[in-house]
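>>> Could you look at this predicted model? Sequence included:
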Amino acid sequence: MGSSVNSKPKVIKGPAGYVLEDVPHFSDYIPELPTHSNPLQDNPAYSVVKQYFVHVDDSVPQKIIAHKDSPRGVHFRRAGPRQRVYYEADEVQAAIVTCGGLCPGLNTVIRELVCGLNNMYGVKKVMGINGGYKGFYAHNTIALTPKSVNDIHKRGGTVLGSSRGGHDTTKIVDSIQDRGINQVYIIGGDGTQRGASRIFEEVRRRGLKVAVVGIPKTIDNDIPVIDKSFGFDTAVEEAQRAINAAHVEAESIENGIGVVKLMGRYSGFIAMYATLASRDVDCCLIPESPFYLEGPGGLLEFVERRLKENGHMVVVIAEGAGQELVSESMQSMAKQDASGNKLLQDVGLWISHKIKDHFAKLKTMTINLKYIDPTYMIRAVPSNASDNVYCTLLAQSAVHGAMAGYTGFTCGLVNGRQTYIPFYRIIEGQNKVIITDRMWARLLSSTNQPSFIIHKPDIAEENKEEQPSESAK
Ligand SMILES: Nc1ncnc2c1ncn2[C@@H]1O[C@H](COP(=O)(O)OP(=O)(O)O)[C@@H](O)[C@H]1O
Ligand SMILES: O=P(O)(O)OC[C@H]1O[C@](O)(COP(=O)(O)O)[C@@H](O)[C@@H]1O
Ligand SMILES: [Mg+2]
């Protein structure tokens with residue numbers, strides 16, 4: 001593992017409560033590095049753009065809703081090309097690595113990093129690290145050229161391969177030094193960005209001129225601060241196809257029930273957006289909103305009612321929903337994957353059995369339930385048009401930032417603008433659906449499903465027990 005003394009956050013304060021949570025720069029720890037004029041100023045495609053270079057003081061506010069007297073609040077550095085760069089083209093040896101689970105758009109980001117480095121800055125030496133973090137020290141590298149990556153954006157997955165676990169900071173930074181790498185582009189989710197932050201700290205401790213740049217990836221959309229992660233739109237679109245199939249099946253048979261499981265380990269964004277987009281879903285269950293099955297206000301009562309009203313229904317369940325219920329009923333222990341993420345039980349299968357058992361016992365209604373699990377199919381598709389454009393902008397922002405000498409940052413869209421966000425802000429928590437926010441209220445009103453809060457008998461009982469009696473006060 002690297003240095004235990006982490007670099008301090010760079011926070012710059014201005015008038016009227018303005019705060020810039022800035023990102024590290026080579027000049028913070030390496031004095032008197034030479035700079036060069038940005039080659040983009042002679043590039044015919046870009047040289048015509050007025051004010052193509054981003055002003056040094058440009059920043060993007062984290063919150064755009066403002067009150068008359070409220071302070072200006074937290075800002076992030078605006079991404080984009082700078083007038084001066086810290087590398088000459090033939091000096092750069094870039095490396096790209098993809099870590100964690102698959103996500104639509106990974107290949108587009110790889111392609112646009114390679115093409116962006118080459119076309120905008122004339123960088124020819126780009127290598128791919130094979131198979132995630134452990135590839136730095138356990139596998140051979142792959143040479144990447146604009147020609148070799150030309151068509152990869154049309155394919156799902158990652159041409160570099162990926163993995164969980166295997167993050168060894170010292171071995172990774174040794175490999176970076178041994179291979180002469182001076183720009184590292186690390187594409188991955190929350191776990192990956194934590195690993196990237198450790199790599200940055202070790203690189204800085206060793207005083208190396210190596211830009212460490214994170215590009216946030218996760219179809220779960222659970223990375224904080226940023227508007228959304230790439231591949232999320234594609235995943236929601238693909239989820240629609242599964243929901244459609246479930247609806248067609250359910251509608252075509254008496255008392256038909258379609259159950260669709262979608263990804264979302266800790267955050268139910270895909271399930272929520274797919275439900276809102278589809279209009280065919282009767283009930284959406286996510287990890288953030290606990291539910292219960294039996295009794296008044298429970299899921300089974302609701303299923304009965306919907307079948308009586310409509311003759312069919314569709315349930316969408318995020319894989320991380322109701323995990324406590326599944327563990328309770330199957331008496332199983334919590335397990336972890338190689339990266340330390342919770343390994344989930346198949347809640348879709350479990351809930352399908354519970355619904356079937358309920359109606360079998362009830363004997364008054366025969367149901368026809370079809371369970372669809374499209375999770376890995378959704379993750380493996382190539383990105384759609386809007387995600388492709390998003391991936392391109394992210395990759396180009398990453399390249400501009402590294403060339404300008406910034407390091408220890410993740411690129412991200414904040415209020416529709418590309419920004420550079422310090423690692424510590426990205427890894428401090430997880431983005432979750434807030435069930436007291438308007439979006440979840442919109443969902444509840446569109447499905448008319450129970451909120452599972454008011455009537456839960458157990459909660460009422462627990463509350464009763466927790467109330468101290470008059471004599472105990
Ligand atoms: N706290 C951490 N410190 C260092 N590396 C980590 C940490 N958490 C995860 N990683 C590494 O990041 C990589 C991807 O993490 P994982 O959680 O599997 O996926 P994701 O990045 O998509 O969340 C793995 O190789 C894992 O070892
Ligand atoms: O089976 P795998 O490949 O470990 O991945 C399953 C997990 O990967 C995800 O698709 C994405 O998670 P990460 O972004 O952490 O990789 C989760 O939704 C899912 O729980
Ligand atoms: Mg993750």
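Sure, I can see it. Since the model is a prediction, treat every value here as computed from it, not as a measurement. Residues are numbered from 1 along each chain as shown. Ligands and ions are numbered 1, 2, ... in the order given.
>>> Please count neighbours and contacts with C-alpha atoms only from this point.
Fine.
>>> So which residues on the stretch 101-250 of the chain come close to ligand 3?
Within reach of ligand 3 by CA under 5 Å from the ion, the stretch 101-250 of the chain has these residues: 189-190.
>>> In the stretch 101-250 of the chain, which residue sits closest to ligand 2?
residue 101 (3.3 Å; CA to the nearest ligand atom).
>>> so when I look at that residue, I'm seeing a strand, right?
No - according to DSSP: H, G, I helix; E, B strand; the rest coil, residue 101 belongs to no strand; its state is coil.
>>> Can you give me every residue that contacts it?
162-164, 218 (CA atoms under 8 Å, 6 or more residues apart in numbering).
>>> Take those residues and lay them out in TSV including pLDDT.
As requested, the contacts of residue 101 are arranged in TSV below (pLDDT from 0 to 100):
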residue	pLDDT
162	98
163	97
164	97
218	91
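>>> ok, so of those residues, who is nearest ligand 3?
Using CA to the ion, residue 218 comes nearest to ligand 3 of the contacts of residue 101, at 6.8 Å.
>>> about what we covered before: and the residue of the stretch 101-250 of the chain closest to ligand 2, how far from residue 263?
11 Å (CA to CA, to the nearest Å).
>>> Where do the strands of the stretch 251-400 of the chain begin and end?
256-262, 283-285, 312-318, 335-336, 342-343, 368-372 (DSSP state E, counting those that start in this stretch).
>>> One more: the stretch 51-200 of the chain?
Using DSSP E, counting those that start in this stretch, the strands of the stretch 51-200 of the chain run over 59-61, 73-78, 84-85, 94-98, 126-129, 141-143, 183-188.
>>> Single out the most deeply packed of these.
Compared across these, strand 94-98 shows the largest average neighbour count, a mean of 27 (mean count of other CA atoms under 10 Å).
>>> Get me the contact residues on this structure for ligand 1.
99-101, 133, 163-167, 188-192, 194-195, 218, 339, 341 (CA under 6 Å from any ligand atom).
>>> repeat that with 5 Å
When proximity is defined as CA under 5 Å from any ligand atom, the chain approaches ligand 1 at 99-100, 164-167, 188-192, 194-195, 339.
>>> Please indicate which of those are buried?
99-100, 164-167, 188-192, 194-195 (16 or more other CA atoms under 10 Å).
>>> Out of the residues you listed, which sit inside helices?
190-192, 194-195 (DSSP state H).
>>> State the number of residues packed around the nearest residue in space to residue 230 that is not next to it in sequence.
In space, and not counting its chain neighbours, residue 230 is closest to residue 387: 5.8 Å by CA to CA, 6 or more residues apart in numbering. By the measure other CA atoms under 10 Å, the count of residues near residue 387 is 20.
>>> so who does residue 46 touch?
If a contact means CA under 8 Å, 6+ apart, then residue 46 has 40, 52 as its contacts.
>>> Find me the pLDDT at it, would you?
At residue 46, the model reports a pLDDT of 82.
>>> Please report how far it lies from residue 318.
Residue 46 sits 44 Å away from residue 318, going by CA to CA.
>>> Just to check, residue 96 is in contact with residue 110?
Yes - using CA atoms under 8 Å, residue 96 is in contact with residue 110, at 7.2 Å.
>>> wait, what's in contact with the closest residue to ligand 1 within the stretch 251-400 of the chain?
For the stretch 251-400 of the chain and ligand 1, the shortest gap (CA to the nearest ligand atom) falls at residue 339, measuring 4.5 Å. Contact analysis of residue 339 by CA under 8 Å, 6+ apart lists 164-166, 191.
>>> Report how many residues lie close to residue 385.
Residues near residue 385, counting by other CA under 10 Å: 12.
>>> go on, residue 58?
The number of residues packed near residue 58 is 12, by other CA under 10 Å.
>>> same thing with residue 15?
By other CA under 10 Å, the residues close to residue 15 number 8.
>>> Likewise for the one 10 residues further on?
Other residues near residue 25 number 19, with proximity taken as other CA under 10 Å.
>>> So which residues of the stretch 1-150 of the chain form helices?
Counting by DSSP state H, counting those that start in this stretch, the stretch 1-150 of the chain has helices at residues 26-29, 44-47, 106-121, 135-138.
>>> residues touching residue 213, list them.
183-186, 196, 398, 402, 407-411.
>>> can you give me phi and psi for the spatially most central residue of the chain?
Central residue of the chain (CA atoms, centre = their mean): residue 218, 3.1 Å from the mean position. Main-chain torsions, residue 218, degrees, to the nearest 10: phi 180, psi 130.
>>> residues in contact with it?
Residue 218 makes contact with 101-103, 188-189, 229-232, according to CA under 8 Å, 6+ apart.
>>> ok, so of these, who is nearest residue 281?
Nearest to residue 281 among the contacts of residue 218, counting by CA to CA, is residue 232 at 19.2 Å.
>>> burial count for that closest one?
Quick note: residue 232 (other CA under 10 Å) scores 25 neighbours.
>>> what about the residue nearest to it when sequence neighbours are not counted, distance to residue 8?
Leaving aside its chain neighbours, residue 232 sits nearest to residue 219 (4.8 Å; criterion: CA to CA, 6+ apart). Distance of residue 219 to residue 8, given as CA to CA: 31 Å.
>>> Thanks a lot, see you next time.
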